[in-house]
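[1] model this:
(one chain, ligands or ions: 1)
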Amino acid sequence: MIYPIVKFGDPVLEKPAEPVTVFDEELKKLIDDMFESMYAAKGVGLAAPQIGISRRVAVVDVTFKEDPNAKLVLINPEIIHKEGRHQQSEGCLSIPEFRENVTRAKVVTIRAQDATGKFFEKSGDDLLARAFQHETDHLNGKLYLSHLSALKRDLIKRKIRKLMKAGEW
Ligand code: NI
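    Numbering: from 1, shown residues only. As a prediction, the model looks like this:
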């Protein structure tokens, strides 16, 4: 099932999501639906709050279907190590049509559970490190806007408010 993507302005995006404690068939279905929704929206990462579900589940595929092994399910993820700094243009499916340069750690190690509840650790650099940080932020109720200067952030929020008023958001 393809879920519509929740956009900036919906409070679900700005509150910490609930930890997952039950690893059942319903969770597997949610994960399948999240991959489907992410690909349909042309994204490389998606967190459950972005489909209106406040649970600590994220899916990532930085190769966008090229490499089946690149499909990652991150449940209750935590960043346990960060190294270096890297600035790159970043966007978010919940803030469509906007992109900004965001400085983040260049190399990141994450600790998470898979769909069966098994813990694993994985390191990534560049785009994968960025995805780990961006999606973990989502589960903590944080958007990339929070990494921008107040000036840039307010400018984007003003533009979004205009779009909302015009019924285009
Ligand atoms: Ni996002």
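[2] Quick check: residue 136 touching residue 105?
    No. The criterion here is C-beta atoms under 8 Å, and residue 136 misses it with residue 105 at 11.2 Å. Every C-beta, even on glycine, is put in place using the N, C-alpha and C of the backbone.
[3] What strand or helix carries the residue nearest the centre of the chain?
    Centroid-nearest residue in the chain, with C-alpha atoms, centre = their mean: residue 135, separated by 3.0 Å. Using DSSP states H and E, the element containing residue 135 is helix 126-139.
[4] Against which helices or strands is that helix packed?
    Packed against helix 126-139, as judged by 3 or more C-beta pairs under 8 Å, 6 or more residues apart in numbering; DSSP states H and E, are the following elements: strand 45-47, strand 57-60, strand 72-83, strand 86-90, strand 100-104, strand 107-113.
[5] Now the element after it, going C-ward?
    Proceeding N to C from helix 126-139, the next assigned helix or strand is helix 150-165, under DSSP H and E.
[6] Let me know the average pLDDT across that next one.
    Per-region confidence: helix 150-165 scores 97 on mean pLDDT.
[7] Ok, stretch 54-62 next?
    Average pLDDT, stretch 54-62: 98.
[8] just the CA coordinates of it, formatted as CSV?
    C-alpha atoms of stretch 54-62 as CSV (Å, rounded to 0.1, in the frame of the first residue of the first chain):
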residue,chain,number,x,y,z
SER,A,54,4.7,7.9,15.0
ARG,A,55,6.9,4.8,15.5
ARG,A,56,10.7,4.5,15.3
VAL,A,57,10.9,2.8,11.9
ALA,A,58,12.9,4.1,8.9
VAL,A,59,13.8,2.6,5.5
VAL,A,60,16.7,3.6,3.4
ASP,A,61,17.9,2.7,-0.1
VAL,A,62,20.5,5.2,-1.3
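[9] how distant is that stretch from the center of its chain?
    Distance of stretch 54-62 from the chain centroid (C-alpha atoms, centre = their mean, to the nearest Å) equals 6 Å.
[10] Same check on stretch 160-168?
    Here stretch 160-168 is found 23 Å from its chain centre; the criterion is C-alpha atoms, centre = their mean.
[11] In PDB, please show the C-alpha coordinates belonging to it.
    Taking C-alpha atoms only, stretch 160-168 is exported to PDB below (Å, rounded to 0.1, in the frame of the first residue of the first chain):
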ATOM      1  CA  ILE A 160       5.700  27.300   3.000                       C
ATOM      2  CA  ARG A 161       3.100  29.400   4.800                       C
ATOM      3  CA  LYS A 162       2.400  31.300   1.600                       C
ATOM      4  CA  LEU A 163       2.000  28.000  -0.300                       C
ATOM      5  CA  MET A 164      -0.400  26.800   2.500                       C
ATOM      6  CA  LYS A 165      -2.500  29.900   2.200                       C
ATOM      7  CA  ALA A 166      -2.600  29.500  -1.500                       C
ATOM      8  CA  GLY A 167      -3.700  25.900  -1.000                       C
ATOM      9  CA  GLU A 168      -0.600  24.600  -2.800                       C
END
